[in-house]
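Q: Here's a sequence, model it:
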Amino acid sequence: MKFAIIATTALLALNAAAAQAQALPEKFKKAGKIVIGTTPNYPPVTFKDPATNQLTGYDIEIGNAIGEKLGIKVEWQDTSFEQMISAVTTDRIDLILGGMNDLPARRETIDFVDYMKSGVQYFVQPKRAAEFKEATDLCGKTVGASRRTNFPKDIEAWSEQFCVKAGKPAIKVVGTEGSADARAQLRQGRIDAGAQGNESLPYLMKLDPDTYKLVGAPFAITYQGIGVSKKNSELRDAVAGALKALLTDGTYKKIVDKYEVQPSAITEVSVNEVPLK
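A: The predicted structure is shown next:
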């Protein structure tokens, strides 16, 4: 009976993959590939292996697995975060897969197939951890976060709610040139704390022990999505179906476990935060 169940599950996943490959728009079948843009500077989500200079990470493996389900080659293109949306709307790339949050303002231009969750997490240097036992201890202090993300606005909103309304001074937000710059400024003592996605910090702390101390719990939880041009709704639906097949056959969980991003894992696929039926 156990083997029959396993065989049935495998067959369902295979059938789902075949259906999605068939659903892939003809122009992509003819091209024999889909081009995915990423910004490889956000380990363990998307980065280049220092030893080989090859693209690696959670997003890269998710994208490659989707390509396998669709029966098509994946070609990765290094694209600056600022150019991602314009690149996908002008067909320079077909998909965005680079740690981009699914935000209502972005949905005016593109659609998102949501594949993970992310929250903003404060962190400080261990030598100053005693000063910042709670997140509200950051009120009146300087916090740096990538200006390319929604993190600065999220911090300002958090500060308004938990600092200003409580009669404390607001957090001074510094927009940095990416999360790596925020961490560099923290080490240099130019800011009191940094903030970035909670999915990345455990990896960095494991890679470089005794460098950062987390403060408070993640907040402003949102989905990260695979960006697709609104004119390519068939591609969007094919990608969503392929991702659903990855959840069904266990591939998604294997990738999540490999990169230890379990708190960010999804349990169902959604498009623009609306669950698939």
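
Q: Let me see the ranges of the helices in this structure.
A: 2-23, 26-31, 58-70, 84-89, 151-162, 179-187, 201-207, 233-249, 251-259 (DSSP state H).

Q: What's opposite the closest residue to residue 178 other than its chain neighbours in the beta bridge?
A: Nearest residue to residue 178, sequence neighbours excluded (C-beta to C-beta, 6 or more residues apart in numbering): residue 146, at 5.0 Å. Any C-beta I mention is one placed from the backbone N, CA and C, and that applies to glycine too. Assessed by DSSP bridges, residue 146 has beta-bridge partners residue 176.

Q: Quick check: residue 146 touching residue 183?
A: No: taking C-beta atoms under 8 Å as the definition, residue 146 is not a contact partner of residue 183, at 10.3 Å.

Q: For residue 95, which non-adjacent residue is spatially closest?
A: residue 36 (4.6 Å).

Q: how about whichever strand in the chain runs longest: buried residues?
A: Criterion DSSP state E: the longest strand present in the chain is strand 213-229. In terms of neighbour count (16 or more other C-beta atoms under 10 Å), strand 213-229 has its buried residues at 213-216, 218-220, 222-229.

Q: Relative to residue 194, how far out is residue 215?
A: The gap separating residue 215 from residue 194 is 10 Å, by C-beta to C-beta, to the nearest Å.

Q: which neighbours do these two share?
A: Taking C-beta atoms under 8 Å, 6 or more residues apart in numbering as the contact rule, residue 215 and residue 194 both touch 122-124.

Q: Out of these, which sit inside strands?
A: Using DSSP E, these in strands are 122-124.

Q: now, among those, which is nearest to residue 45?
A: Closest to residue 45 out of these is residue 123 (16.5 Å), distances taken as C-beta to C-beta.

Q: Spatially, what comes nearest to the closest one if we skip its sequence neighbours?
A: In space, and not counting its chain neighbours, residue 123 is closest to residue 212: 4.4 Å by C-beta to C-beta, 6+ apart.
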